[in-house]
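1. sequence below, structure please.
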Amino acid sequence: MSKDIRSYDAVAVSAKSTVVAEYVPDTERDISYQSEAQLENEFIAQLQAQAYEYADIRTEDQLIANLRTQLEKLNNVVFSDNEWHDFFTAKIASANDTITDKTTRIQEDYIQLLRREDGSTKNIRLIDKDNIHNNRLQVINQYGVEPGESGARYANRYDVTVLVNGLPLVHIELKRRGVPLRQAFNQIQRYQEDSFSSGSGLFDYVQIFVISNGTSTKYYSNTTRQAHLDESGRKDKKSFVFTSYWADATNRPIEDLIAFAKTFFAKHSLLNVLTRYCIYTENRQLMVMRPYQIVATERILNRILVSSNNRKLGTINAGGYIWHTTGSGKTLTSFKTAQLASRVPGVEKVLFVVDRKDLDYQTIREYDRFEKGAANGNKSTAVLKRQLEDPNVKIIVTTIQKLATFVKSNRGHAIYSGHVVLIFDECHRSQFGDMHAAIKKAFKKYNLFGFTGTPIFAENAGSSGHPGLRTTEQAFGDKLHTYTIVDAITDKNVLPFRIDYINTIETGDVVDKQVRAIDTERVLLAHERLSLVVDYILEHFDQKTKRNSVYMVDGRRKRGFNALFATASIDAAKRYYEVFKEKQAGLPEAQRLKVGIIYSFGVNEDSPDGIIEEEIFSPELLGARDRDFLEMAIADYNAMYATNFNTSSGGFQDYYVDMSRKLKERDIDLVIVVNMFLTGFDAPTLNTLFVDKNLRSHGLIQAFSRTNRILNSVKAYGNVVSFRNLDAETTAAISLFGNKDAGGIVVLKPYAEYFDEYAQKVADLRAMYPLGEPIVGEENQKEFIKLYGAILRLRNILTAFDDFGADEMLSPRDQQDYQSRYMDIYDEWKPSAEAEREDIRQDVIFEIELIKQVEINVDYILMLVEKRREERGDGQDKEIRAEISRAIDSSPSLRNKKDLIEQFVDSVSLDASVQDEWQAYVEAKKEEELARIIAEERLKDEQTRRFMQASFRNGEVRETGTAVVEILPAVSMFARGGKRGEQKSRVLEKLKTFFARFSGLGAGE
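-> Predicted coordinates:
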């Protein structure tokens, strides 16, 4: 091994904490060159120093034999050969098991039943979650799989794997220092496609992947997912943007591989992560908690235990608050906290308290996604009372209003004397009043905790409300952990903001202190100004929301993002809605934005201390004119979506829920609001906030944060377009909730800095790779890919700046030609099914998702076909025909369909509808090619057609499970198993090619 591990500095680790308290980096660095093999040896030596056993295992037979030995030790049992064969083939490596089945086995069904030869039974644990140090950890390296070996497509050799009781649960892929980390990620992607499922498929048990180039190290779960399309039109289930850094409790990233090994791979840390801090959701996704989430959870659990032992229950010293910035996953953290707190001895109930009705609904839905039925909602105080009296109900989600009503109506109830843990979500000022005091007075043995993204400090507390409960600390106690917006952006867990200030008033500064507020609002609501604002939004909406980009939401293809428009008052919202209707009245339906509006009764529409006051779900409290207008707007919505909502209390709540779903699924373009949706609402497809409203402090960060959820590589930042000058307020809010130097992290750089870099790179592109000249040699091609990828990333940011349109240096034709080259190299480097060689595309980062921003779709091609038909005979049609070919060549998703499209272009008739002819042509070709595959492989006709219908519906060809096996022809019971596996691989390859060829070919897709 390359270095004596004893020379590393000690790291301060609490014996019980999963996350190291404070990481002290090594001050002595080895400056000599380190190969990948040396890095691997150093890493393994570190694990051995931490009491991992090194096992020399290189083949599947050795892996299975070791698994048997380890399970025998864990369970204090000796398998007979027959028992082991039956247990292994039925309970561990069934031929029909999927990755999901194996993940379920580790996360939920980790105790399996062994039937002994004498007829008795015994429970066999695959992993011990009750006493984690009973589990044995081993490390192996360079495990090999050969091509054709039980379904493996290529030869692969895996770097390092950690075995837990003999099962490979953590896999580490290494690259030498200086190599992009994403290459290790791409390598694992290839293993998952090529060989993890081969043989007995034991590597499908991997729960956590770790990738490192020595300098930088990240981890992610086996189902890190993002529904976007890869270049062939299939759903790509894993995305590099959702990989995570490990860190210490102060949020300092621990990136160096050896430091990562000392902390993340400390035996108690790794086993805690695997057994306590993974969440396996209802839709069968595995989520691994991030370090700051684990710290928050453990600090709350520790406070519960310490306060119980020290008789502090019922005091402020028994509680505290967690400051985790908006968008950092507070709901997931609170769920795991509630789940683990409910298991603490002596705790009778965990109450998760939200401050309004929609969060009640939203939290139950989220909790149900994490674990069905884990939490109990309640529609009335009577239901809450029954739940509090039911010993089987451990976790309850309720609103503060219902809880306060229960307290008022049930004086002296037995629950007040029980040990109750109260967790408040978004614990801002709406919970700092009389209800809060009454609840604390009623309960005698409680722990009270709050989660917030924007705490109330003395600086932003205001002067209203309960005098002893004006700050978060006064209401809940000590701050237990902090994870600010700066931490989240640095870790790439949320996006930075890009802010435009648009001046719509030419005559003076209406916010001059000499002008009374009422006159200011009168000027701001002038019809001429509102008209200018709406003109700006309509003109720039496609640019700001990137309407040309394509991605998937829940298996459905979407174009671009959507937006909220925050207005200052109900009056302003109504006027804006009317102007939008007026401006869009003459437009064809396809060109109109789908605009909605929602508001309800609010006590203060613009709070003087920056808090966004919640609007009450009681439209009946609105004035007659406001309610009539809302009824009219809901009628417009009903006409647009064939729904049937109204302003009755229940009808309005249903309207809110439906509109929130449409925002999340990007089925509505723009929603005009006063305060609704500006706090606590999470929609990753939303990327833009238009603002004509005074925001500051807490409310400003909350509102801006609606835009900065991570979705894909196209969504690089949250857009804020403000029609009021909020520059000073933004700086102050970022300083308060980040730090005084946070501005350069939270807000993107000025336009000129990005453009200067872009201009230099475009100049380099033209000089080094002029159009019309070939790019010769692999190294030159790699440099071209890196340069053009950098241009794509810069362009992705620049396109949201209004100035960029006039400054663009690449013409549309040049962009098409360079993209064609880019895609030519991508396809050239793609290994064929026959070639037994590595996919060298892993050596560079291809920005296919960014290429798709300027994607040419079928509608554009059909428009050109229509144009060509009209121009026939006047010499223009040849140029249009060439334009069609160029467009196809530059498109990632149409290149593999080129022969189909060009054959159609050359055969289209002179009079029929191009759209109708295209649909008929595609259906005929689809039938012809599928029938050919069925005949060539002798597949079962009906089952194959059903299988492909499901594939197009789901957006992918599923390679695991029984469905694909059922389409294969029957085989003799004496046939060799290998032949069956070879045919399955061959059939899947053909069906995936067929799927890629015909997906996305419908008009409008």
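2. mind checking how far the helix or strand Phe209 falls within is from the chain centre?
-> In this assignment (DSSP states H and E), Phe209 forms part of strand 208-212. Its chain's average C-alpha position is 18 Å from that of strand 208-212, according to C-alpha atoms, centre = their mean, to the nearest Å.
3. same question for stretch 444-459.
-> 27 Å.
4. same check, this time on stretch 677-684
-> So, by C-alpha atoms, centre = their mean, the centroid of stretch 677-684 is 15 Å from its chain's centroid.
5. tell me, how many neighbours does Ala763 end up with?
-> By the criterion of other C-beta atoms under 10 Å, Ala763 has 11 neighbours. (Glycine included, C-beta is placed from N, CA and C.)
6. which phi and psi does it have?
-> phi -60, psi -40 (degrees, to the nearest 10).
7. circling back: just checking: what are the partner strands of the strand holding Phe209?
-> strand 167-174 (parallel), strand 217-221 (antiparallel) (DSSP bridges).
8. show the average pLDDT along stretch 927-938.
-> Averaging pLDDT along stretch 927-938 gives 90.
9. and if you look at stretch 670-682?
-> Mean predicted lDDT for stretch 670-682 stands at 89.
10. just the terminal-to-terminal distance for that stretch.
-> Stretch 670-682 has an end-to-end distance of 15 Å (criterion: C-alpha to C-alpha, to the nearest Å).
11. oh, and call the first residue 50 from now on, that's how I've got it
-> With the count now opening at 50, the last piece we talked about shows up as stretch 719-731.
12. can you give me the buried ones in that stretch?
-> Under the neighbour-count criterion of 16 or more other C-beta atoms under 10 Å, stretch 719-731 has 719-731 buried.
13. now flag whichever of these is closest to Ile840.
-> Ile840 has its nearest neighbour among those in Leu719, at 30.7 Å by C-beta to C-beta.
14. any weak-confidence spans in the stretch 500-649 of the chain?
-> 508-519, 553-570, 597-606 (pLDDT under 70).
15. let's see 90
-> Residue ranges of the stretch 500-649 of the chain with pLDDT under 90: 501-525, 533-578, 581, 588-589, 591-609, 635-641, 649.
16. the strands in it, which residues?
-> Per DSSP state E, counting those that start in this stretch, the stretch 500-649 of the chain carries strands over the ranges 528-532, 546-550, 599-602, 605-608, 611-616, 644-647.
17. for the stretch 250-399 of the chain, same thing?
-> Under DSSP E, counting those that start in this stretch, the stretch 250-399 of the chain gives strands at 257-261, 266-270, 277-278, 284-285, 327-329, 335-337, 369-373, 398-403.
18. possible to save those as JSON lines with mean pLDDT, mean neighbour count and distance to Ala507?
-> Below are the strands of the stretch 250-399 of the chain laid out as JSON lines (pLDDT from 0 to 100; neighbours: other C-beta atoms under 10 Å; distance: least, C-beta to C-beta, whole Å):
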{"stretch": "strand 257-261", "mean pLDDT": "95", "mean neighbour count": "24", "distance to Ala507": "42"}
{"stretch": "strand 266-270", "mean pLDDT": "93", "mean neighbour count": "23", "distance to Ala507": "38"}
{"stretch": "strand 277-278", "mean pLDDT": "30", "mean neighbour count": "24", "distance to Ala507": "45"}
{"stretch": "strand 284-285", "mean pLDDT": "40", "mean neighbour count": "18", "distance to Ala507": "48"}
{"stretch": "strand 327-329", "mean pLDDT": "89", "mean neighbour count": "19", "distance to Ala507": "36"}
{"stretch": "strand 335-337", "mean pLDDT": "90", "mean neighbour count": "21", "distance to Ala507": "36"}
{"stretch": "strand 369-373", "mean pLDDT": "93", "mean neighbour count": "25", "distance to Ala507": "15"}
{"stretch": "strand 398-403", "mean pLDDT": "87", "mean neighbour count": "24", "distance to Ala507": "24"}
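19. looking at those, which is nearest to Glu638?
-> strand 277-278 (26.9 Å).
20. that older thread, would CSV of the strands of the stretch 250-399 of the chain with distance to Ile619 be doable?
-> Formatted as CSV, these follow (distance: least, C-beta to C-beta, whole Å):
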stretch, distance to Ile619
strand 257-261, 50
strand 266-270, 45
strand 277-278, 38
strand 284-285, 42
strand 327-329, 40
strand 335-337, 39
strand 369-373, 32
strand 398-403, 24
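21. closest to Ile160 out of those strands?
-> Using C-beta to C-beta, the strands of the stretch 250-399 of the chain put strand 327-329 closest to Ile160, at 15.5 Å.
22. in its sheet, which strands sit next to that closest one, and in what direction?
-> Strands adjacent to strand 327-329 in the sheet, as given by DSSP bridges, are strand 335-337 (antiparallel).
23. around Met855, how many other residues sit close by?
-> Careful, residue 855 is Ala and not Met. 6.
24. please report phi then psi for it.
-> Taking degrees, to the nearest 10 as the convention, Ala855 sits at phi -80, psi -20.
25. contacting residues around it?
-> Contact analysis of Ala855 by C-beta atoms under 8 Å, 6 or more residues apart in numbering lists nothing.
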